[in-house]
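Q: Turn this into a structure:
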Amino acid sequence: MEGLDLSFDAKRIVFAMKLSPDEAAHIFTANLVRGDDEENPYGIAQLTAGPHDDVSPVWVAGGGIAFITNQAYTEMGTRADEYNHSRSVTQIATISEVGGDADRKLCSQNLSHTFNLFRMKSGQIGFSRWEHLENINDAKLFAMNPDCTQMIALAGQHDKPSNSPAQVAEGAEPNVVYAVATRRENTIQAGALVRVDARSAGRDTLHDEERATYEVLTPAVPRDDAPSPVGRYRSPFVLPDGRLLVSWADGYVNESNEIALTPPDFGIYLYDPETRVNRPVWNDEATWEVYARPVAPTPEPPVQTSVQTSQDATLPLTLGSVDVRQTSLGSLHGNTVSGAQFQDTPIEDALTRAVKVRIIEGFSTEGAPGVTMFGLTMAEGAAILGEATVRADGSWRAEVPPFVPIHLRAVDEFDLAIRNQTTWIRGMPGESRVCGGCHEERTRPSLSAGQALPIAATQVEDFLLPVLARTELPWQATGQYAGAIGPSSTEIQQILDARCVSCHDETTNGNGPQEFYTVAMTDEASGAAVPYRLPRLDLSRRPIEVTYDMRTATYPASYVSIFYPAALEMEMSDGAEVTGTIPPKCGVPSDARNSRLIEKLNVSSSLDGARHAWTLGEPFSDPGIRGGTRTVHPEDVGGSLTREERVALIRAFDLGGQYHARQNSDFQPHTGADPTASGGGDYQR
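A: Numbers count the residues shown, from 1 in each chain. You can find the predicted model right below:
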């Protein structure tokens, strides 16, 4: 039994349970008071079925139930979290208590796990969501309407006191929640208690994630995975008098002692935030007691009318902005942009230079079979759905596939990303997700100049493309798709072979001999130091073996030359020993603007071919870049590289610097009508 929640009238419970060890978990309801039916005295009813697990249910106003599921329903099957290497990703689904699976609705997908649903006084559904997006790896709080629309950030985007807020419950005041602050890994998801106030100033019924404040209620408890001298907490529930009904275990509380002879012992306690005192309620030393709830009625939130009923993936999701220049990232968070034409430029000024918005789809091992890391980068698989034009008034609008996880980048005239959005967007078929700007003030009206209709409102661009028509940048095409990719995709190694290898190979680097440095990594199996001799800049296909993030793999010399210096920043802390000089960071995953190879090549403006991202004749930003001053390379040494080829390199770097993609893996399009069936699904819809 798992995930119990009490109905608003305190007469029924909803929970998840397995009827046998070999079956999946499903959603059940039961009465709390025994009835007259001798065969089923508590009115136990099974609401869901099937081969997938349905867990962690919560009641929704109007007789609805939301829960977590691992049901496979994408064209590629179940989402598979890249960070945890092929684990099925959990998503949100809803049913009605009356209809059960007959009313089953699957919400739009995230690339990593959604967990810890909690109900809100607004009638929304709150939840924690694991956010793995390139170098972002944490959990944040979100809310959505019960019909799966308008998924928005609640808290945790800025200045949170721990990596992950989890096991959340809303208190007596709307949009004030209590959570466990933890690292999640190595902590059994236990940690400190924190109060999160996400209320909008002067308007308690609205929330403002930008100004969310955090009060740590148990400051002696670590909020990472360090040993705790005073135990750790789980599953807070707020009582009317402000005390918290919690689970608490004394001692260090981590995975290592969970499986040792001294596992933690969670019991039920009352915690008073004012006195910081635990008072025991119940503790059986032979079991864990968690997720305690008082049996008492609670006000039912207002029923939110459903505006979205379709599961038809051919109905587009509409994305857009009233004005990309509207932002609070500078005024509230001090964000600036550097690289190319920008030098610590306030984000609001940099966004005035946006000419396009790049719309990026994320995927993981479900789209690249056998791939558990996408290369020398923490970025997941990526495909460009399209690049929407920013109109003269700053507006843009596009129709894109629903359900899939998406993030955005404002792009300048040099095709360089101005800023990377670090939160996944999700949307349902037929839904419209048009915001005010590029992370605009959440509590201010978003009005275009003169309050006229934004230009893009009548100039919507269509990016509802089949999967294999979406733009991918595979580094080196191999296997079934080699030479057979459509015109929207570019193989990076082909560009390097045609334009660069004649001067940058195993023996030659520009006008001199190739240089090398050595990186020695400790082999975990043997404990011995394994040396890798790496070139400064060899842009050939020659295979090179390297270790990154505890995984040894072989890549082309070009890929290693470009991205390993940036990858070393992560590996240095794991005991890498370097002999020789590490080259400049030719490629920085997700940041072409600060990648030294892009600076060396330079790129002209899409608006004025005489204007370049890096001013010609000025010194390079890194003295390690050969040549002294900026030119257009390789034209300065008699070579050539088209603008389209430069843009392909820029996009590959900005997407995350992945080696793998759907289009250079063993990925096979589905041909059946049912994406949940083995071998089913139809990519070419």
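Q: Quick check: L154 vs E599, distance?
A: Noted for L154: a distance of 39 Å to E599, by CB to CB, to the nearest Å. C-beta here means a position set from N, CA and C on the backbone, and glycine is covered the same way.
Q: ugh, typo on my part, it should be D241
A: With distances defined as CB to CB, the gap from D241 to E599 amounts to 61 Å.
Q: Which of these two has more residues huddled nearby?
A: E599 (23 against 8; other CB atoms under 10 Å).
Q: now the more buried one, nearest residue through space, not along the chain?
A: W614 (5.5 Å; CB to CB, 6 or more residues apart in numbering).
Q: L473 now?
A: A652 (4.0 Å).
Q: Does the host helix or strand of the one you found pack against any helices or strands, and if so which?
A: When elements are defined using DSSP states H and E, A652 is found to belong to helix 643-655. When contacts are defined as 3 or more CB pairs under 8 Å, 6 or more residues apart in numbering; DSSP states H and E, helix 643-655 sits against strand 356-363, strand 381-389, helix 492-499, helix 596-601.
Q: for the lengthiest helix in the chain, packing partners?
A: The residue-count maximum for a helix in the chain (DSSP state H) belongs to helix 557-571. In terms of contacts (3+ CB pairs under 8 Å, 6+ apart), helix 557-571 is packed against helix 492-499, strand 516-522, strand 529-535, strand 543-548.
Q: quick one: that helix to chain centroid distance?
A: Relative to the mean C-alpha coordinate of its chain, helix 557-571 is positioned 23 Å out (CA atoms, centre = their mean, to the nearest Å).
Q: buried set for that helix?
A: 557-568, 571 (16 or more other CB atoms under 10 Å).
Q: next structured bit after that helix?
A: Under the assignment DSSP H and E, the closest C-terminal helix or strand after helix 557-571 is strand 577-579.
Q: partners of that next one in the sheet?
A: With DSSP bridges as the criterion, the sheet partners recorded for strand 577-579 are strand 516-522 (antiparallel).
Q: Now the strand it pairs with - C-alpha only, CSV.
A: Extracted in CSV, the C-alpha atoms of strand 516-522 (Å, rounded to 0.1, in the frame of the first residue of the first chain):
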residue,chain,number,x,y,z
PHE,A,516,49.3,16.8,-27.0
TYR,A,517,48.5,16.7,-23.3
THR,A,518,47.9,13.7,-21.1
VAL,A,519,45.1,13.1,-18.7
ALA,A,520,45.4,10.2,-16.2
MET,A,521,42.1,8.9,-14.8
THR,A,522,41.8,6.3,-12.0
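Q: now that strand against helix 557-571, angle please.
A: Going by axes from the mean of the first three to the mean of the last three CA atoms, to 10 degrees, strand 516-522 is angled at 50 degrees with respect to helix 557-571.
Q: Could you check the angle strand 516-522 makes with strand 543-548?
A: Per the same axes, to 10 degrees, the angle that strand 516-522 makes with strand 543-548 is 50 degrees.
Q: now the angle from strand 516-522 to strand 529-535?
A: Using the same axes, to 10 degrees: strand 516-522 against strand 529-535 is 160 degrees.
Q: ok, and what's touching strand 516-522?
A: 528-536, 546-547, 564, 568, 571, 574-583 (CB atoms under 8 Å, 6 or more residues apart in numbering).
Q: mind redoing it with 7 Å?
A: Contact with strand 516-522 is made by 529-536, 547, 568, 575-582, as judged by CB atoms under 7 Å, 6 or more residues apart in numbering.
Q: Which of these are buried? Put it as a ChimeraX command.
A: Typed into ChimeraX, the line below selects the buried ones among those, using 16+ other CB under 10 Å:
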select :532,534,535,536,547,568,576,582
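Q: can I see the domain layout of the chain?
A: Under automatic domain parsing, the residue ranges defining each domain of the chain are 2-282, 317-469, 479-664.
Q: As JSON lines, the ones you listed with distance to W288 and mean pLDDT would be great.
A: JSON lines is the format used below for the domains of the chain (distance: least, CB to CB, whole Å; pLDDT from 0 to 100):
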{"stretch": "domain 2-282", "distance to W288": "4", "mean pLDDT": "88"}
{"stretch": "domain 317-469", "distance to W288": "32", "mean pLDDT": "87"}
{"stretch": "domain 479-664", "distance to W288": "32", "mean pLDDT": "89"}
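Q: With respect to P302, which of these lies nearest?
A: In this view, these are compared for proximity to P302 by CB to CB, and domain 2-282 is the closest at 5.0 Å.
Q: what's the distance between the closest one and the middle of its chain?
A: Counting by CA atoms, centre = their mean, domain 2-282 comes out at 18 Å from the chain centroid.
Q: again, but for stretch 346-366
A: Mean-position distance between stretch 346-366 and its chain equals 15 Å (CA atoms, centre = their mean).
Q: list the buried ones in it?
A: In stretch 346-366, residues buried by neighbour count (16+ other CB under 10 Å) are 346-348, 350-351, 353-366.
Q: From the opening residue of it to its closing one, how far?
A: Distance between the two ends of stretch 346-366: 39 Å, counting by CA to CA, to the nearest Å.
Q: Check stretch 586-605 too.
A: With CA to CA as the measure, the first residue of stretch 586-605 is 21 Å from its last.
Q: likewise stretch 328-336?
A: Across stretch 328-336, the terminal residues are separated by 12 Å (CA to CA).
Q: So for it, what gets flagged as buried?
A: Residues of stretch 328-336 classed as buried under the neighbour-count rule (16+ other CB under 10 Å) are 328-330, 335-336.
Q: Export those as TSV, with columns for secondary structure and distance to N664.
A: Supplementary listing: those in TSV, determined by DSSP: H, G, I helix; E, B strand; the rest coil; distance: CB to CB, whole Å:
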residue	secondary structure	distance to N664
S328	coil	40
L329	coil	35
G330	coil	39
N335	coil	35
T336	strand	36
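Q: so which of the residues you listed comes closest to E645?
A: Distances from the buried residues of stretch 328-336 to E645 were compared by CB to CB; the smallest belongs to T336, at 30.1 Å.
Q: wouldn't F266 be in contact with A292 here?
A: No. Contact criterion CB atoms under 7 Å: F266 and A292 do not qualify, at 10.3 Å.
Q: Please name every helix or strand in contact with the strand or helix carrying I13.
A: Under the criterion DSSP H and E, the helix or strand holding I13 is strand 12-17. Counting by 3 or more CB pairs under 7 Å, 6 or more residues apart in numbering; DSSP states H and E, the packing neighbours recorded for strand 12-17 are strand 2-6, strand 26-31, strand 54-60.
Q: Report the separation between Q189 and G64.
A: As judged by CB to CB, Q189 and G64 stand 26 Å apart.
Q: quick one: which of the two has more around it?
A: Neighbour tally, Q189 and G64, criterion other CB under 10 Å: the higher count belongs to G64, 23 against 19.
Q: OK, contacts around the more buried one?
A: With the criterion set at CB under 7 Å, 6+ apart, G64 makes contact with 94, 96, 146.
Q: Return the subset of those lying in helices.
A: Filtering those for helices - DSSP H - leaves nothing at all.
Q: Closest to N175 out of the residues you listed?
A: Here the nearest of the contacts of G64 to N175, counting by CB to CB, is P146; it sits at 16.9 Å.
Q: Please look at that closest one and Q304 and confirm they touch.
A: Yes. At 5.6 Å, P146 and Q304 qualify as touching, with contact defined as CB under 7 Å.
Q: in the stretch 1-150 of the chain, which spans are helices?
A: For the stretch 1-150 of the chain, no helices are identified by DSSP state H, counting those that start in this stretch.
Q: what are the ranges of the strands in it?
A: Listed from the start of the chain, the stretch 1-150 of the chain has strands (DSSP state E, counting those that start in this stretch) covering 2-6, 12-17, 26-31, 45-46, 54-60, 64-69, 80-81, 87-88, 91-96, 100-106, 114-119, 125-133, 136-144.
Q: Go through the domains of the chain and name the closest to P299.
A: Judging those by CB to CB, what sits closest to P299 is domain 2-282, at 7.2 Å.
Q: Straight-line length of that closest one, end to end?
A: The distance separating the two terminal residues of domain 2-282, taken as CA to CA, comes to 19 Å.
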